[in-house]
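Student: sequence and predicted structure below; questions after.
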Number of protein chains: 2
Amino acid sequence: MMDRIGSFDFVAEPFHVDSMERLTLGVLGNHLLNCAGMHAAERGFGMTVLHENRYTWVLSRLAIELSDLPRAYEKFTIRTWVENVYRLFTDRNFMLLDKDGRAIGYARSIWAMIDMDTRKPVDLFSLHGGKISDYVCNEECPIEKPGRIKLSNPEFVGTYQAKYSDIDLNGHVNSIKYIEHILDLFPLDLLCERAVRRFEIAYVAESFYGDMLTFLREKDEKNAYNVEIKRNETDVVVRSRIIFN
Amino acid sequence: MMDRIGSFDFVAEPFHVDSMERLTLGVLGNHLLNCAGMHAAERGFGMTVLHENRYTWVLSRLAIELSDLPRAYEKFTIRTWVENVYRLFTDRNFMLLDKDGRAIGYARSIWAMIDMDTRKPVDLFSLHGGKISDYVCNEECPIEKPGRIKLSNPEFVGTYQAKYSDIDLNGHVNSIKYIEHILDLFPLDLLCERAVRRFEIAYVAESFYGDMLTFLREKDEKNAYNVEIKRNETDVVVRSRIIFN
């Protein structure tokens, strides 16, 4: 089964760690998405091939659970594989290994494919004669699936206007920047001393350059916070759930 | 002379490009500093070795000049070498090559070494018996040296409170984040359509978590803007000069 699992090696760069010298979740998220892209590309489902047919992958949900994180200058490895393929979604999982090859984290992601012109979902089995199913792999991923994030009584915690550095090659606020903006809602002490055990994010809609993003947050009973980002105070863009140790 | 020049290969990752699919200057800056670190480490002057003696490199100035930038998914190469070593400073230069090996940019940087406990500069010739001079290389770097950036009558253009994602492993706002925050002062249209020809930054003092940064800007006659970042409205942290095409 090993050939169905992609394995990619990295080093924790000095500007990619926080003040505790731990790799930031934004950088980790970026690496996960890049690994997804490289693994898919190696199997004929990469962005450059898809774009020729005006199709593109869209990340719908991401959940990351961590017992530890690489420190500055340390090597680490990300493994990724496809767990399930449905008609309109695919589940892709990840394992994070530290410099000694010890599993220190896992992640689950859910992706759709859309037609870039109609923005409508594409039937995944219609591509390359359904060949995507050949890559399904039953490697274990011992963390909970991304769930539905519901906010009951959140409080307003800030606004942010989307700037040049937030915008990706599609003209949208990029998936990684949301992760950074969400973590920036919390005090340094909490992030450093307690550290994030689980980070979950659901991408609901796009936001754009100049959009005024509103951040809403609530604390629930279990060391956990739910966050919602709206654009122009009305449309939900992102929901997230952060559980601290 | 080639062994004095370090050469490092990269790929422009999809979340590291802007809406024109060009590598962002922040990411390029990060790569330059990493290349400096790797090149120094390979020659016995890396951070991990220095830290054993409680010494560290401090970036004082950086100037980047570009005729083009790598696009999403393209390979590119950064070469770096030491141009001069003085008692308290060293000049390190860079060349940026596109996927076809064509030089599309150059950069110049000035570094000091300090004692982490006293924060005082260290005599560079006192280390490893002055061996650092052996790495000096007279490769051409056809861009102007970093100059003195003077603001005469700047206007206030914004504030920003330093957050978790700004802070590096030393507890300071990281050198790359300043570059992002400075570019974010300009409209997307200007950055995308005209693009930056030269970006220069002088690191004057440190800023810290929670600091309220104030941004001052002035336009001078030659398509150029000068920017000053102050902390707590008084102390200059960074000065920068941006010249658009």
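Tutor: Perfect, thanks for sending it. Residues are numbered from 1 along each chain as shown, chains lettered A, B, ... in the order given.

Student: all contacts plus neighbour counts: C-alpha atoms, from now on.
Tutor: Will do.

Student: pLDDT on stretch A:120-133, on average?
Tutor: Here stretch A:120-133 scores 90 as its mean pLDDT.

Student: show residues contacting it.
Tutor: Stretch A:120-133 is touched from outside by A:45, A:55, A:84-89, A:112-115, with contacts defined as Cα atoms under 8 Å, 6 or more residues apart in numbering or on different chains.

Student: before we move on, what about stretch A:212-220?
Tutor: Outside stretch A:212-220, the residues touching it (Cα under 8 Å, 6+ apart) are A:151, A:153-162, A:225-233.

Student: OK, contacts around the most centrally placed residue in chain A?
Tutor: Central residue of chain A (Cα atoms, centre = their mean): A:Leu62, 4.2 Å from the mean position. Contacts here follow Cα under 8 Å, 6+ apart; on that basis A:Leu62 touches A:107-110, A:146, A:200-202.

Student: helix, strand, or coil at it?
Tutor: Put simply, A:Leu62 is strand when judged by DSSP: H, G, I helix; E, B strand; the rest coil.

Student: which residue is the nearest non-sequential neighbour of it?
Tutor: A:Ser109 (4.4 Å; Cα to Cα, 6 or more residues apart in numbering or on different chains).

Student: element containing that neighbour, please.
Tutor: Using DSSP states H and E, A:Ser109 falls within strand A:103-115.

Student: that strand packs against which elements?
Tutor: Under the contact criterion of 3 or more Cα pairs under 8 Å, 6 or more residues apart in numbering or on different chains; DSSP states H and E, strand A:103-115 touches strand A:55-66, strand A:90-97.

Student: 10 Å - rerun?
Tutor: Judged by 3 or more Cα pairs under 10 Å, 6 or more residues apart in numbering or on different chains; DSSP states H and E, the packing partners of strand A:103-115 are helix A:25-42, helix A:47-52, strand A:55-66, strand A:75-85, strand A:90-97, strand A:196-203.

Student: contacts for the shortest one next, please.
Tutor: Outside helix A:47-52, the residues that touch it by Cα atoms under 10 Å, 6 or more residues apart in numbering or on different chains are A:37-38, A:40-41, A:44, A:53-57, A:113-116, A:127, B:14, B:73.

Student: using CSV, list the CA coordinates for that helix.
Tutor: Extracted in CSV, the C-alpha atoms of helix A:47-52 (Å, rounded to 0.1, in the frame of the first residue of the first chain):
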residue,chain,number,x,y,z
MET,A,47,-4.0,21.6,-10.5
THR,A,48,-2.1,22.2,-13.7
VAL,A,49,-3.8,19.3,-15.5
LEU,A,50,-7.2,20.1,-14.0
HIS,A,51,-6.9,23.7,-15.1
GLU,A,52,-6.6,22.6,-18.7
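
Student: next, the buried residues of it.
Tutor: A:47, A:50 (16 or more other Cα atoms under 10 Å in any protein chain shown).

Student: what average pLDDT does that helix get?
Tutor: Rounded mean pLDDT across helix A:47-52 is 85.

Student: what do you get for the first one?
Tutor: Confidence over helix A:25-42, taken as the mean pLDDT, stands at 96.

Student: does A:Val11 really touch A:Thr77, like I thought?
Tutor: Yes. Counting by Cα atoms under 10 Å, A:Thr77 is a contact partner of A:Val11 at 8.5 Å.

Student: give me the common contacts of the two.
Tutor: The contact sets of A:Val11 and A:Thr77 overlap at A:70, A:99 (Cα under 10 Å, 6+ apart).

Student: and the two? Which one has more around it.
Tutor: A direct count of neighbours by other Cα atoms under 10 Å in any protein chain shown for A:Val11 and A:Thr77 places A:Thr77 higher, at 20 against 16.

Student: can you tell me how far the residue nearest to the more buried one when sequence neighbours are not counted sits from A:Gly101?
Tutor: Sequence neighbours aside, A:Asp9 is the residue nearest to A:Thr77 in space, at 4.5 Å (criterion: Cα to Cα, 6+ apart). As judged by Cα to Cα, to the nearest Å, A:Asp9 and A:Gly101 stand 11 Å apart.
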